[in-house]
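Engineer: quick one, structure for this:
(one chain, ligands or ions: 1)
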Amino acid sequence: MTHQLKDLQDYKETYARSIKDPEGFWADEAATFKWHKKWDNVLSWDFVKPDVKWFEGGKLNITENCLDRHIAERGNHTAFLWEPNDPASPSVHISYRELLEKVCQCANALKELGIKKGDRVVFYMPMVPELAIGILACARIGAVHSVVFAGFSAQALADRVDDAQAKMIICSDGNNRGNKLIPVKQIVDDALEISCQSIEHVLVHKNTRTDVNWNNQIDIWWHSAVDKQSVTCKPEIMDAEDLLFILYTSGSTGKPKGVVHTCGGYMVYACSTFRNVFQYQDGDIYWCTADIGWITGHSYIIYGPLLSGATSLMFEGVPTYPDAGRFWQICEKHKVNQFYTAPTAIRALMAQGNEWPDKYDLSSIKLLGSVGEPINEEAWHWYDEHIGKKNSPLIDTWWQTETGGIMITPLPGITDTKPTFASYPLPGIQPVLMNADGTEEKNNNAEGLLCIKFPWPGILRTTYGDHERCKLTYFSAFKNMYFTGDGARRDSDGRIRVIGRVDDVINVSGHRMGTAEVENAIDEHPEVIESAVVGYPHDIKGQGIYAYVIVSHNASNDIINEIRKVVTKEIGPIAKPDKIQIVSELPKTRSGKIMRRILRKIASNELDTIGDVSTLVNPDVVDEIIKGAPI
Ligand code: PRX
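Structural biologist: Just a heads-up that it's a prediction; the model follows:
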């Protein structure tokens, strides 16, 4: 397995080596895996095109490294510990041996249904073991998985299926989420009504016994396709740079883009970061509460832990069902050692009061992690005090869908922690702060735009079907740099604090949302003429969505609710604006650009710092919007 950093000295030396000799460093990490053929070339890169290749010529299958490799030593160890939505239902332990067999059965079924190497398979499923099994089954046969978070709407699902030109959707009949039953298969049926011409089959896992409509031409039950299959399946031997998965994420313009990760580099990076960041020791119970629909679930529920032979807890439900003690009850029940969650969950649970965590024995916890958005001081201290009891390091991990794995984070027991600081880069990561004029900000105690100046194995390779977009979004802002879209501050000791997005992306409850995407959804309403969406500070969600909308004169009285409905239909409930203000005009420059800076200030109630509005064609509208006066 990849090297596990031991102490500060080890971190400093390893980091120094990884900068001086990145190829040597990563080659040593990669050599710890099973390869069918060693790579010809550790790294070739060009950040202008961009074109990055790691371990080119190497042949492997990631599932052999996740599963087969562990059988001899830990075949009977639990790979996944599944905790169902309903606390009265039993937890399920799946050993490495069982998981390998289930993955092989599913892989054989996929082959029988015509899925071949390179085909795209979309998942639209709740947090059940079959989701992980299906993902690994794709990887086993070289199919490319693309998981769509099951909170997205039929339209959003159809958009992603179309973009990926997927051949199959794997879903469940329904989803138990708290006390709600979500008709998952129905949403897939709706997506197929909208488009999804490329889909040949829908494989349906029976999860809730919900009634479903059935189309014999397309629909197949998971149990009838999978259960009869052999428990062995020869892995497809992949090139290191073959696609492993596509994951759609929002950007500042247009529709979500499919971030592409490839087999070799992603594998090495997911494993190396998991082992170092979580300091996982044999026998530990590790729990990441993310949904597998996001990158955190890919890298730190499935791939990182399995590559490391860990026990990864997977939870079907929500933090507040049956009550606000559910997370802590699970920590007590399974004696969780590493707990990794998002600031929005921490804030929501903090608001429910200390009596919930105080009811449970949390003494097994050795480490607390945070991910997905900036964590505010209050939430940081509450988490540290009430969950970690001030003796578990709290690591604030910064990374992105595009980076494949954690990039900047304190290392528990190795580097110190400072509230709200992601702190120091992991080995191999070279972050820089850039000034808007394109120069590097070298001083400490300074702010800048966060870029990474050298490739790491987990970096995205392209955006699916649109390489130009990848180039424009990440590699054009600064020459020879990967631009993250985030602003950051460096303190006097060189620790980094990520402040938030500097582009038109907002982070709502840790869900990444493009303002343009929400605007496009709002504009679908026939009575909407124009809209502008911005983020504003929200106590629980981190950021809320504020929409300014111009509607036609004959718009109905219920237009605000109708706008919310249209967004739910186009994207999903997670994109529903928290505040909608009907306005007569939007503040615009002479060239017709909406001045979002002003709208952000108004939404955030920072009226003192609105600044100069004289360059607008319609300066009067600013006052009108402030007064909230609809005309
Ligand atoms: O703005 C940063 C924020 O989340 C963005 C990436 O979102 P996504 O691709 O959905 O991945 C989330 C999970 C890795 C970043 O550009 N972000 C993520 N982690 C942090 C963060 N902001 C501040 N601190 C963090 N720890």
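
Engineer: show me where the protein dips below the pLDDT cut-off.
Structural biologist: Confidence mapping of the chain against pLDDT under 70 gives the ranges 629-631.

Engineer: in the stretch 51-200 of the chain, which residue sits nearest the ligand?
Structural biologist: Distances between the stretch 51-200 of the chain and the ligand by C-beta to the nearest ligand atom are smallest at Phe149, namely 10.3 Å. For the C-beta atoms, the positions are set from N, CA and C on the backbone; glycine is no exception.

Engineer: touching, that residue and Asp291? I think so.
Structural biologist: Yes - if you go by C-beta atoms under 8 Å, Phe149 and Asp291 touch, sitting 6.0 Å apart.

Engineer: where's the nearest residue to Asp162 once chain neighbours are set aside relative to Phe245, distance?
Structural biologist: Setting aside the residues directly before and after it, Asp162 is nearest to Ser195 in space (C-beta to C-beta, 6 or more residues apart in numbering), at 5.5 Å. Note on Ser195: its distance to Phe245, by C-beta to C-beta, to the nearest Å, is 22 Å.

Engineer: the more surrounded of those two?
Structural biologist: Using other C-beta atoms under 10 Å as the criterion, Ser195 and Phe245 rank with Phe245 on top: 25 against 14.

Engineer: am I right that the more buried one sits in a helix?
Structural biologist: No - counting by DSSP: H, G, I helix; E, B strand; the rest coil, Phe245 falls outside a helix, being strand.

Engineer: what's the end-to-end length of stretch 378-386?
Structural biologist: Chord length of stretch 378-386, first to last residue, is 12 Å (C-alpha to C-alpha, to the nearest Å).

Engineer: typed the wrong thing, it's stretch 172-179
Structural biologist: Start-to-end span of stretch 172-179 (C-alpha to C-alpha) is 17 Å.

Engineer: Leu99 is in contact with Ala79, isn't it?
Structural biologist: Yes - the pair Leu99 / Ala79 is scored as a contact, 4.6 Å apart, by C-beta under 8 Å.

Engineer: returning to what we had before: what helix or strand is the residue of the stretch 51-200 of the chain closest to the ligand on?
Structural biologist: Phe149 belongs to no helix or strand when elements are defined using DSSP states H and E.

Engineer: ramachandran angles for it?
Structural biologist: The phi and psi values for Phe149, taken as degrees, to the nearest 10, are phi -50, psi 130.

Engineer: list the residues that contact it.
Structural biologist: Phe149 makes contacts with 291, 293-294, 572, as judged by C-beta atoms under 8 Å, 6 or more residues apart in numbering.

Engineer: host element of the residue nearest to Gly317 when sequence neighbours are not counted?
Structural biologist: If the residues on either side of it in the chain are set aside, Gly317 comes closest to Asn85, at 3.7 Å by C-beta to C-beta, 6+ apart. Using DSSP H and E, Asn85 sits in no helix or strand.

Engineer: could you do Glu193 as well?
Structural biologist: Assigned by DSSP H and E, Glu193 belongs to helix 184-194.

Engineer: list the helices and strands that helix packs on?
Structural biologist: strand 120-124, helix 154-164, strand 168-172, strand 201-205 (3 or more C-beta pairs under 8 Å, 6 or more residues apart in numbering; DSSP states H and E).

Engineer: tell me the helices and strands packed up against the helix or strand following the last one.
Structural biologist: Under the assignment DSSP H and E, the closest C-terminal helix or strand after strand 201-205 is strand 219-221. Contact here means 3+ C-beta pairs under 8 Å, 6+ apart; on that basis strand 219-221 packs against strand 201-205.

Engineer: could I get the strand it packs on in CSV with only the CA atoms?
Structural biologist: Provided in CSV are the C-alpha atoms of strand 201-205 (Å, rounded to 0.1, in the frame of the first residue of the first chain):
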residue,chain,number,x,y,z
HIS,A,201,-31.8,-0.9,-20.5
VAL,A,202,-32.8,0.2,-17.1
LEU,A,203,-31.7,-2.1,-14.4
VAL,A,204,-33.9,-1.8,-11.3
HIS,A,205,-32.9,-2.8,-7.8
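
Engineer: which neighbours in the sheet does it have, and how are they oriented?
Structural biologist: The strands that strand 201-205 pairs with in its sheet are strand 168-172 (parallel), strand 219-221 (parallel) (by DSSP bridges).

Engineer: which parts of the stretch 351-500 of the chain sit against the ligand?
Structural biologist: 371-374, 396-401, 422, 484-486, 498, 500 (C-beta under 6 Å from any ligand atom).

Engineer: and the chain, by the same measure?
Structural biologist: 249, 294-296, 371-374, 396-401, 422, 484-486, 498, 500-501, 507, 512.

Engineer: just the ones of these in strands?
Structural biologist: Among the residues of the chain next to the ligand, DSSP state E puts 249, 371, 396-397, 484-486, 498, 500-501, 507, 512 in strands.

Engineer: okay if I get these as a markdown table plus neighbour count?
Structural biologist: Formatted as a markdown table, those follow (neighbours: other C-beta atoms under 10 Å):
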| residue | neighbour count |
| --- | --- |
| Thr249 | 19 |
| Val371 | 25 |
| Asp396 | 25 |
| Thr397 | 23 |
| Thr484 | 24 |
| Gly485 | 21 |
| Asp486 | 19 |
| Val498 | 23 |
| Gly500 | 16 |
| Arg501 | 19 |
| Asn507 | 21 |
| Arg512 | 20 |
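
Engineer: how deep is the closest residue to the ligand within the stretch 301-450 of the chain tucked in, by neighbour count?
Structural biologist: Scanning the stretch 301-450 of the chain for the residue nearest the ligand gives Thr401, at 3.4 Å (criterion: C-beta to the nearest ligand atom). Thr401 has 19 neighbouring residues, counting by other C-beta under 10 Å.

Engineer: mind listing what it touches?
Structural biologist: Counting by C-beta under 8 Å, 6+ apart, Thr401 touches 247, 249, 259, 294-295, 460, 512.

Engineer: next: Leu81.
Structural biologist: Residues counted as contacts of Leu81 (C-beta under 8 Å, 6+ apart) are 91-94, 285, 311-314, 334.

Engineer: and Lys180, by the same measure?
Structural biologist: Counting by C-beta under 8 Å, 6+ apart, Lys180 touches no other residue.

Engineer: any idea how far it lies from Leu433?
Structural biologist: From Lys180 to Leu433 the distance is 44 Å (C-beta to C-beta).

Engineer: ranges for the strands of the stretch 301-450 of the chain?
Structural biologist: Secondary structure of the stretch 301-450 of the chain (DSSP state E, counting those that start in this stretch): strands at 311-315, 338-341, 367-371, 394-397, 431-434, 440-441, 446-452.

Engineer: make TSV out of those and add distance to Ile540.
Structural biologist: Converted to TSV, the strands of the stretch 301-450 of the chain look like this (distance: least, C-beta to C-beta, whole Å):
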stretch	distance to Ile540
strand 311-315	20
strand 338-341	14
strand 367-371	15
strand 394-397	18
strand 431-434	29
strand 440-441	33
strand 446-452	26
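
Engineer: out of these, which comes closest to Asn276?
Structural biologist: strand 394-397 (10.7 Å; C-beta to C-beta).

Engineer: what's next to the closest one, contact-wise?
Structural biologist: With C-beta under 8 Å, 6+ apart as the test, strand 394-397 has contacts from 277, 340, 367-371, 375, 380, 383-384, 388, 406, 408-412, 417, 420-423.

Engineer: you'd agree Gln581 is in a strand?
Structural biologist: Yes - under three-state DSSP, Gln581 falls within a strand.

Engineer: how much space between it and Ile574?
Structural biologist: 21 Å.

Engineer: ok, now Asp162?
Structural biologist: On the measure of C-beta to C-beta, Asp162 and Ile574 end up 20 Å apart.
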